[in-house]
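>>> here is my input; please provide its structure:
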Amino acid sequence: MRVGIEVGGTFTDLVMSDGKNIKTAKVPSTPASPDEGAMLAIKVAGLKLDEISELIHGSTVATNAVLERKGGRVCFFVTQGTKDLLLIQRHDRRAIYDLQYQKPSPVVPRHHTYEINERIAADGKIVTDLDSEVTSNLVKDILEQENFDSVAICFLHSYLNPIHERALSDIISALYPEMPITCSCDVAREFREYERASTTTLAAYVQPVVAGYINRFSEELARRGFQGKFSIMQSNGGRMPAAAITKNAITALFSGPAAGVVGAIRGKGSTPYTDIITLDMGGTSTDVALVSSDQAELTPMTMIDGLPVKTPVVDIVTVGAGGGSIAWVDDGGLLRVGPQSAGATPGPACYGRGGKLPTVTDAHLVRGTLQADSFLGGKMSVDLAAASHVIGEIAKKFNVELAEMADNIIRVAEANIVRAIQQVSTERGSDPREFALVPYGGAGPLHAARVAEDLNIDTVVVPPNAGVLSASGLLLSDYVHYRSQTKRLLLNEKNLNSIKSNISSLTTEAKEYLMKLGIQTNKKIETSLEMRYVGQAFEVPVKLTEIDVRNISLTLLQKRFTEAHHKIFEFSKPEGDPVEIISIRVGAGEKTPEFAVQRDNEDIDINPNISKVDIVERGILSETTTLSRTDLTGPTVSGPVLVRDESSTVYVPFGWQVRLDDFYNIVLERGSE
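All right, here's what the predicted structure looks like:
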């Protein structure tokens, strides 16, 4: 019996598979103590911990620690002369028209940043040796005066030569054996000093919080009889044993959204839809990602709260357009939706937990696309009167009817989602019309068809258990570990052997690390090169297949780079213009056996007496048929239709047809109106 538990901003989802059958549960999240929500989900699902062989977990603990600035107290050591590294940052502005713009605040203040007299040159050679005795006395004075939770170390050019970072780490460990230490050469072995420093300090900042959470959760599981394997989802779409994550917590920063992408890829089964755009709309936000040939795109860097994190992550764009997103009127009198969210507490007004502001969920209830008696399969009661009241308050400001206001709120939220999808598709050289849209999360299937229309996408595929698909993704994820390093090499015959040897060395490192954790490395190796024309400021990721790596040549690398560059920028320079490799990234892992996640629970509680409902959309009142997923086993049905599952509702508008495929997916196809 394997269990996946994903803690979201509003709900905590659980999926259990024993290889043949599955069971699901969805309970309100408990932001103050996420493990309580996880334990409640286990209880609601009726599972016995001593019967669970493996538990895979994804949570927002690391993310919330940064966003809420509730991480550890970090002592940061830098090379002498670089104390203001975190404050200077880069010259770019995130809001170019904001006259009061301020750079994002680092998680380590300047007075907690300390300089060490040492220096490594840009070629990795030692310029100034680190004096062990002087440094030891300095460290002792600093750490005895302040009560720090962790230490971060980021010296100049340590990605080429980590000898001084290792020496300082050894000194601190000898003096304070229990102190968590994060070295930049371990978490971000790549150039660009600010990004490397930001990643290192963020890793040290979340380390005490994540390690404390995992340890408490592990102890509680053990106390209740759990003896199986416990692993945590990473931002790169793979998982690692919980013990390994406690030492490298930064890799779990965006575990929930990454799990959803894995669930979308594998949860739909062996369908012909291998090029997809995922749409994960939960209670707080919407996450979208582009997948080609069933492979999620990875990016070497992401941002959180304006701060760069240089670690491989699934390339996801997030917008504040979830079911709990709040509708409001801006200073110009325009309707806005999000990014503020009602979250789990108090939640939308219809939840009856004290919410007083109109949200997208309230709008759906008023419009009719959500029915009060079928929310979460009828297991959660919602208050239509409360939703009508808060929507009515904002409707008065625009002098429109209640249902029309609800529809307007939904349409604004959908426009935000369309913009996010354009960021991961058209802005990066991909045409969304060539992809199928895969929605999930509690609210994703409600919006998918209209979002697809705005993007000229003709096919929408809703996997089984779409409302808890991120939890399914946890079960379906592989063990994965990446190693990367900056190796600046011109693409020429002289450096070809160095390119091969560096790929081989990183592959060996990744495999050996996994084997130390008892993980086999039977997953195919993923290799990516960060490349650019000499003189360019930023790199283009170039993927290499296993066959490419085995047959690597200058001609092959030049071809792969030209293709990747042209896809993004629509041009490439003539052959002969110098090209260079900046960084190499290699991943290895253990592939998870296939498990059954393609059947719904059979005890869906939906009122059989309701077969027609009225929906107001785009100014038109229409009588809409309501069905369950099992009602679609016959011929194709034309919209408007509401298909109600236990954890989500699928809206099929006029002009669309809906059917059930061989893998139990609900497939929507756009026809001529």
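
>>> is it true that Thr426 touches Glu434?
No: no contact is recorded between Thr426 and Glu434 when judged using Cβ atoms under 8 Å, the distance being 11.1 Å. In short, each C-beta sits where N, CA and C put it, glycine included.

>>> look up how far Gly587 lies from the residue nearest to Pro300 when sequence neighbours are not counted.
With Cβ to Cβ, 6 or more residues apart in numbering as the criterion, Pro300 has its nearest non-adjacent residue at 6.0 Å, and that residue is Pro312. Separation of Pro312 from Gly587 (Cβ to Cβ, to the nearest Å) stands at 7 Å.

>>> intersection of neighbour lists for these two?
In the contact map built from Cβ atoms under 8 Å, 6 or more residues apart in numbering, the residues linked to both Pro312 and Gly587 are Asn236, Tyr482.

>>> pLDDT weak spots in this protein?
Within the chain, the stretches with pLDDT under 70 are 376-378, 595-610, 672-673.

>>> grab the most central residue of it for me.
Taking Cα atoms, centre = their mean, the centroid of the chain lies closest to Pro257, which sits 3.1 Å from it.

>>> contact partners for that residue?
For Pro257, the contact set (Cβ under 8 Å, 6+ apart) comprises Asp280, Asp287, Ala289, Val314, Ile316, Thr318, Ser470.

>>> any chance of those in TSV, plus distance to Val261, neighbour count and secondary structure?
As requested, the contacts of Pro257 are arranged in TSV below (distance: Cβ to Cβ, whole Å; neighbours: other Cβ atoms under 10 Å; DSSP: H, G, I helix; E, B strand; the rest coil):
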residue	distance to Val261	neighbour count	secondary structure
Asp280	8	31	strand
Asp287	8	26	strand
Ala289	5	27	strand
Val314	5	25	strand
Ile316	7	24	strand
Thr318	12	18	strand
Ser470	9	32	helix
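
>>> buried residues, the helix with the most length in the chain. List them.
Longest among the helix segments of the chain by residue count, using DSSP state H, is helix 193-223. Of the residues in helix 193-223, those buried under the neighbour-count criterion (16 or more other Cβ atoms under 10 Å) are 193-211, 213-214, 217-218, 221.

>>> swap in stretch 554-573?
Along stretch 554-573, the positions that meet the burial threshold by neighbour count (16+ other Cβ under 10 Å) are Leu557, Gln558, Arg560, Phe561, Thr562, Ala564, His565, Ser572.

>>> can you name the element that comes right after the longest helix of the chain?
For helix 193-223, the following helix or strand on the C-terminal side (DSSP states H and E) is strand 229-233.

>>> please name the strands paired to that next one in the sheet, noting orientation.
Its sheet considered, strand 229-233 pairs with strand 54-58 (parallel), strand 239-241 (antiparallel) by DSSP bridges.

>>> angle of the first one against helix 193-223?
Spelled out, it's strand 54-58. In terms of direction (axes from the mean of the first three to the mean of the last three Cα atoms, to 10 degrees), strand 54-58 departs from helix 193-223 by 140 degrees.

>>> buried stuff in strand 54-58?
By neighbour count, with 16+ other Cβ under 10 Å as the criterion, the buried positions of strand 54-58 are Leu55, Ile56, His57, Gly58.
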